[in-house]
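Undergrad: Attaching a predicted model along with its sequence, questions to come.
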Amino acid sequence: MNSIYGIINSKSSNFSETVAKIYDNFNGVWHFENIILAQKNDLPQVSVCERYIIVYNGAITNYSELKKKLDSHRQINSDEEIILAAWAIHGQKAVEMIQGSFAFAIYDKQEKNLFLVRDRLGIKPLYWCNTDKGFAFSSNIRNLSSFGVIEPKISPLSLTDFLRYQTVHSPDTILENVKMLEPATILNFNTVSGKISSESYWNITNITQNNSVISIDDTRKEVKNLFFKAVEKNIPTNCSYCAFLSGGIDSSAVARAMAKISDKRIKTFNISFSEEKFDEAHYARYIAKMHNTEHIEIKLSPQQFLEHLPDALSAIDHPSGDGLNTWIASKFAKEAGIDVAFSGLGGDELFAGYSIFKRMIKLNKYQSFWKTPQSIRNHAGKIISALRPSVASAKISTLLSLPNFDFAAMYAVSRQLFQDKTLNDILNTAPLPYSLPVSLLHKQNWKIDNQYILKYVSMAEMLTYMQNILLRDSEQMSMPHDFEIKVPFLDRELVEFVLSLPDFIKYPHTPKKLLVESLPDLLPDFIVNRPKMGFVLPWTQWLKNELYDFTEKRIKTLAQREFFNEKAVLNFWNDYNKNNPNITYSHIWALVVLEEWIEAMFNV
């Protein structure tokens, strides 16, 4: 893990103070006049021609291939040197050659341009801002605040987005004056003119649909081939690594592939819970024994979790309704002497592992129903909510009330946490802004092909939930432990191939059917047909018992803040404790995380 930072400052009188803070916080600093580039665990690299300087976080998975192409131009020994050598020859086009997970900045001393670059799927984060104190970028938001580049101010629009979806969708962030560089984007800041421009070098929505005749057997062989290549490309050569093993399909597939590829016995790592309902340890043990891994299992009690909770919450750089599981796993894995873990993240998004995939196909099939008068649909929704009150019923009611069939709006409602009716009650900001994910998906201008509905759901998942929650959390919660998480399911070649396939090949008649049938010797029926859980913490029990006082204190504090209606928030908390079926632990925990983040960011 290598946190990066940079600032171009010509407007502030206290630049020397900023310089001093950066030298105190970063091991490697390049400083010339009013420009600083810094990174945490290494020195910034300078090109052989001395024209370009780079700070970098990530891992190039086609390093060997690029080294063969570029080694004649100089001796290359690192990812940074690969990028610099390619950039010196090809300029911005060099990014198209690079595969992997990365976020980096290159300064061109000759043209006075600073380039910010982020990988195709947004695995590594990169934030930036341009204020009266200068232009700055960072791997995390807190650096921008702590080094005095911004005066943090919450965006009401982004606050609503967070409560709706447990995150804020890029390029926006929770703060008004900070942006997240979007995936597959090159941003150019000219340090003389101050002009900012950006361009995309890859677009997930441009992946060509595979309309040629391809047999099921050939498809499965190619999926297996690409999956094994993706795992192999990510295996590090100079540090200790493991597979995070829950015992589900994705993590089991990754662990088995690692075991077959590696020339040494691999490690697997699992966190289990004393609450039997949430304990997946026996599945993980089964896979570990099957593949003869060195299995490390940590059993976590509520008391232990409470002990670590303050540190875990303090690590949240950008508020998110998820992520503490990653902090816990990263911490204990690092303490066990492991530096890198392989994750099954991306498997659900790519191989239709969530219930939303089938749901969206069903909604698309019955879209003519939305030609029924809206008054009739509204009435039907109210009846459903009254007869069977639940979060699911509330979403059905909202879907029925939509003015027409809209793929983007229906997807967004399916992913929504707080319904707008509730937000109108608990927030003082009115009227509510338009849904950011709906806007984002509308901008894609998709012409929905009924043979490829799963592809569109996959892309929607990757552009919203995966990029803005799962990947952001993976990075921000592992970084404090100097720990790296690899995501082989997000290999570019694998993603492009699977997304190009029509629905009849991928439809999950059984869980992740295409993946499972492509890896028949890796995934036993015992694992394939087990109940889907994922790595979740027993929140419902904890919030009403061990974490009750902790939670209530933060709910009460948040309720008094300017954006919220105090009485409505407290009523919401009381209704949760009375087992209101429309309120889940996810609603409550999102409020707790938000309060913790506000207190840490603003010290109030």
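TA: On my side now, so go ahead.
Undergrad: alpha carbons only for contacts and neighbour counts from here, please
TA: OK.
Undergrad: With adjacent residues omitted, what lies nearest to the most centrally placed residue in the chain?
TA: Taking Cα atoms, centre = their mean, the centroid of the chain lies closest to residue 471, which sits 2.0 Å from it. Among residues not flanking residue 471 along the chain, residue 123 sits closest, at 5.6 Å (Cα to Cα, 6 or more residues apart in numbering).
Undergrad: do residue 477 as well
TA: residue 327 (4.7 Å).
Undergrad: The one you found in helix, strand or coil?
TA: Judged by DSSP: H, G, I helix; E, B strand; the rest coil, the three-state class of residue 327 is helix.
Undergrad: That one - how many residues pack around it?
TA: 27 (other Cα atoms under 10 Å).
Undergrad: what residues are up against it?
TA: 312, 477, 478 (Cα atoms under 8 Å, 6 or more residues apart in numbering).
Undergrad: Give me the pLDDT value at it.
TA: We have a pLDDT of 93 for residue 327.
Undergrad: I'd like to know how far it sits from residue 137.
TA: Distance of residue 327 to residue 137, computed by Cα to Cα, to the nearest Å: 24 Å.
Undergrad: chain center to stretch 245-260, what's the gap?
TA: 20 Å (Cα atoms, centre = their mean, to the nearest Å).
Undergrad: got it, and stretch 161-172?
TA: On Cα atoms, centre = their mean, the centre of stretch 161-172 falls 12 Å from the chain's centre.
Undergrad: which residues sit against that stretch?
TA: 158-159, 174, 178-182, 319-322, 415-420, 423, 435-437, 464, 468-469, 590.
Undergrad: Which of those residues are buried? Put it as a PyMOL command.
TA: Of these, the buried ones can be selected in PyMOL as follows, counting by 16 or more other Cα atoms under 10 Å:
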select buried, resi 158+159+174+178+179+180+181+182+319+320+321+322+415+416+417+418+419+420+423+435+436+437+464+468+469+590
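Undergrad: Just the contacts of stretch 161-172: which are in helices?
TA: 158, 159, 415, 420, 423, 436, 437, 590 (DSSP state H).
Undergrad: Check what pLDDT the third one gets.
TA: Confidence at residue 415, expressed as pLDDT, is 93.
Undergrad: returning to what we had before: quick one, which of the ones in helices among the contacts of stretch 161-172 has the minimum pLDDT?
TA: Minimum pLDDT for those is recorded at residue 436 (87).
Undergrad: re earlier: let me know the closest of the ones in helices among the contacts of stretch 161-172 to residue 218.
TA: Nearest to residue 218 out of the ones in helices among the contacts of stretch 161-172 is residue 415 (Cα to Cα; 34.1 Å).
Undergrad: Now do the contacts for the closest one.
TA: Residue 415 touches residue 165, counting by Cα under 8 Å, 6+ apart.
Undergrad: How are the strands of the stretch 351-500 of the chain distributed by residue range?
TA: 484-486 (DSSP state E, counting those that start in this stretch).
Undergrad: Tell me, how many residues neighbour residue 578?
TA: Neighbourhood size, residue 578 [other Cα under 10 Å]: 10.
Undergrad: From the structure, what's the count of residues near the nearest residue to residue 185 once chain neighbours are set aside?
TA: Nearest residue to residue 185 in three dimensions, chain neighbours excluded: residue 200, at 4.5 Å (Cα to Cα, 6+ apart). Per other Cα under 10 Å, the neighbour tally for residue 200 reads 14.
Undergrad: Residue ranges in the stretch 451-600 of the chain under the pLDDT threshold?
TA: Residues of the stretch 451-600 of the chain meeting the criterion pLDDT under 70: 526, 528-537.
Undergrad: Could you rerun that using 50?
TA: Within the stretch 451-600 of the chain, no stretch has pLDDT under 50.
Undergrad: Let me see the domain layout of this structure.
TA: 4-202, 211-351+456-528, 355-445, 538-604 (automatic domain parsing).
Undergrad: Including distance to residue 214, could the ones in helices among the contacts of stretch 161-172 go into a markdown table?
TA: Below are the ones in helices among the contacts of stretch 161-172 laid out as a markdown table (distance: Cα to Cα, whole Å):
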| residue | distance to residue 214 |
| --- | --- |
| 158 | 44 |
| 159 | 46 |
| 415 | 33 |
| 420 | 45 |
| 423 | 48 |
| 436 | 38 |
| 437 | 34 |
| 590 | 45 |
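Undergrad: Which of the residues you listed sits closest to residue 90?
TA: residue 437 (34.9 Å).
Undergrad: For the closest one, list the residues it contacts.
TA: Residues near residue 437 by Cα under 8 Å, 6+ apart: 169, 408, 412, 464.
Undergrad: re earlier: hmm, the residue nearest to residue 471 is touching residue 473, no?
TA: No. Counting by Cα atoms under 8 Å, residue 473 is not a contact partner of residue 123; they are 10.0 Å apart.
Undergrad: Can you give me the pLDDT of residue 1?
TA: At residue 1, the model reports a pLDDT of 65.
Undergrad: cool, residue 10 as well?
TA: 58.
Undergrad: Got the confidence number for residue 335?
TA: Residue 335 is given a pLDDT of 94.
Undergrad: Count the neighbours of it for me.
TA: Neighbourhood size, residue 335 [other Cα under 10 Å]: 11.
Undergrad: That one and residue 160, how far apart?
TA: Taken as Cα to Cα, the span from residue 335 to residue 160 is 38 Å.
Undergrad: for residue 186, same thing?
TA: 28 Å.
Undergrad: And these two? Which one has more around it.
TA: Shown here are residue 186 and residue 160; by other Cα under 10 Å, residue 160 has more neighbours (25 against 21).
Undergrad: how about the more buried one, what does it touch?
TA: 423, 432, 433.
Undergrad: where exactly do the helices run in the stretch 101-250 of the chain?
TA: Along the stretch 101-250 of the chain, the stretches classed as helices by DSSP state H, counting those that start in this stretch are 141-146, 156-165, 216-234, 249-261.
Undergrad: could you dump these to JSON lines with distance to residue 18?
TA: Formatted as JSON lines, the helices of the stretch 101-250 of the chain follow (distance: least, Cα to Cα, whole Å):
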{"stretch": "helix 141-146", "distance to residue 18": "9"}
{"stretch": "helix 156-165", "distance to residue 18": "28"}
{"stretch": "helix 216-234", "distance to residue 18": "37"}
{"stretch": "helix 249-261", "distance to residue 18": "43"}
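Undergrad: out of those helices, which comes closest to residue 89?
TA: Once these are compared by Cα to Cα, helix 216-234 is nearest, at 24.8 Å.
Undergrad: which strands and helices sit next to that closest one?
TA: Counting contacts by 3 or more Cα pairs under 8 Å, 6 or more residues apart in numbering; DSSP states H and E, helix 216-234 is packed against helix 249-261, helix 492-499, helix 513-518.
Undergrad: Kindly format the C-alpha coordinates of it as CSV.
TA: Extracted in CSV, the C-alpha atoms of helix 216-234 (Å, rounded to 0.1, in the frame of the first residue of the first chain):
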residue,chain,number,x,y,z
ILE,A,216,-21.0,-23.4,-24.2
ASP,A,217,-18.0,-25.7,-23.8
ASP,A,218,-15.6,-23.2,-25.5
THR,A,219,-17.0,-20.4,-23.3
ARG,A,220,-16.4,-22.3,-20.1
LYS,A,221,-12.9,-23.2,-21.2
GLU,A,222,-12.2,-19.5,-21.9
VAL,A,223,-13.6,-18.4,-18.5
LYS,A,224,-11.4,-20.9,-16.8
ASN,A,225,-8.3,-19.9,-18.8
LEU,A,226,-8.9,-16.2,-18.1
PHE,A,227,-9.7,-16.7,-14.4
PHE,A,228,-6.5,-18.7,-13.8
LYS,A,229,-4.5,-16.1,-15.7
ALA,A,230,-6.0,-13.4,-13.6
VAL,A,231,-5.1,-15.1,-10.4
GLU,A,232,-1.6,-16.0,-11.6
LYS,A,233,-0.9,-12.4,-12.7
ASN,A,234,-1.7,-11.1,-9.2
